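>>> dropping a prediction and its sequence here:
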Amino acid sequence: MTAMLASVNSLEEAQLIINTTIDIIDLKQPEQGALGALSTDTVTQIVQFVNQQKPISATIGDLPMQADLVYNAVTAMTKTGVDYIKIGFFPDGDWQSIITSLGTITQQGHRLIAVLFADTQPDLNTLKQLKKAGFIGVMLDTMNKSKGSLLQVMPLTKIDEFVTLARHHQLLCGLAGSLKQQDISKLMPFNADYLGFRGALCENHNRTAQLNNDAINLILSYFK
């Protein structure tokens with residue numbers, strides 16, 4: 001059954017959703033980009049508050065595709081105690097060097113999730129390399145939020161191919177990218193492991209605004 005992931009940008013927002021049926025709490029700062037990161041101190045504070053009541057993922061930020069920068073950011077995030085660390089694979093840069101370097105971190109038991117951006121036409125053959133390096137999951141998201149939602153930048157057939165490949169490689173699979181209420185029924189048949197939301201849960205559907213209880217409950221109603 002497909003789970004629901006909700007992105008929060010503070011301890012206060014984590015406190016707001018901790019008693020809901022949201023399945024996964026994701027930590028990021030939308031004001032800092034597609035995968036803007038919270039400070040490791042803030043992440044640690046939220047992890048301690050949640051106290052294993054729900055799984056937590058956290059992003060490392062919109063970093064240049066340089067192996068040393070990405071490796072150091074992931075290493076720092078491993079010290080916070082989050083369950084999953086999300087790494088955005090942005091256009092350009094040496095993806096293979098990054099994947100290889102992060103393989104040493106997966107060997108230590110840390111669970112890494114690669115985020116590919118649908119609006120950059122990612123090479124889905126990368127999933128095989130990620131599995132070989134020990135990544136636990138992959139996710140489709142959107143990089144340029146002004147271009148619209150995941151379904152506006154990638155056809156359903158390609159999304160289906162992504163989920164099918166993730167299953168083939170035994171990787172956890174997530175779908176996100178400015179998802180709206182009307183997108184849920186179109187994505188549910190693919191049986192991804194989770195759908196991720198931020199803007200749809202906020203005041204006026206503005207991803208940099210604060211979470212809104214009514215908006216949260218509306219999206220949650222699709223996951224019962």
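Great, that's in hand.

>>> please make it C-alpha for all contacts and neighbour counts, starting now.
Noted.

>>> measure residue 94 to residue 128 for me?
Distance of residue 94 to residue 128, computed by CA to CA, to the nearest Å: 16 Å.

>>> neighbour-wise, which of those two wins?
When neighbours are counted by other CA atoms under 10 Å, residue 128 comes out ahead of the other of residue 94 and residue 128, with 16 against 12.

>>> which strand or helix spans the more buried one?
helix 126-132 (DSSP states H and E).

>>> and residue 138, by the same measure?
Judged by DSSP H and E, residue 138 forms part of strand 137-141.

>>> just checking: what are the partner strands of that strand?
Strand 137-141 pairs in its sheet with strand 112-117 (parallel), strand 172-175 (parallel), by DSSP bridges.

>>> state the mean pLDDT of the last one.
So the one you mean is strand 172-175. Strand 172-175 carries an average pLDDT of 98.

>>> one more: stretch 143-154?
According to the model, stretch 143-154 has a mean pLDDT of 92.

>>> contacts for it, please.
34, 117-120, 141-142, 176-180, 183 (CA atoms under 8 Å, 6 or more residues apart in numbering).

>>> gap between that stretch and the chain center?
15 Å (CA atoms, centre = their mean, to the nearest Å).

>>> one more: stretch 21-29?
With CA atoms, centre = their mean, you get 9 Å for stretch 21-29.

>>> what is the end-to-end distance of it?
Per CA to CA, stretch 21-29 runs 22 Å from first to last residue.

>>> would you mark the buried spots in that stretch?
22-29 (16 or more other CA atoms under 10 Å).

>>> contacts only, for residue 127.
Applying CA under 8 Å, 6+ apart, we find residue 127 in contact with 138, 165-166, 169.

>>> apply 7 Å and report the result again.
Each residue near residue 127 by CA atoms under 7 Å, 6 or more residues apart in numbering is listed here: residue 166.

>>> please check the contacts of stretch 143-154 and keep the buried ones.
For the contacts of stretch 143-154, buried by 16+ other CA under 10 Å: 34, 117-119, 141-142, 176-180.

>>> what would those residues look like in a markdown table with distance to residue 90 and secondary structure?
Output for the buried ones among the contacts of stretch 143-154, formatted as a markdown table (distance: CA to CA, whole Å; DSSP: H, G, I helix; E, B strand; the rest coil):
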| residue | distance to residue 90 | secondary structure |
| --- | --- | --- |
| 34 | 10 | coil |
| 117 | 7 | strand |
| 118 | 11 | helix |
| 119 | 10 | helix |
| 141 | 11 | strand |
| 142 | 10 | coil |
| 176 | 16 | coil |
| 177 | 15 | coil |
| 178 | 17 | coil |
| 179 | 20 | coil |
| 180 | 23 | coil |
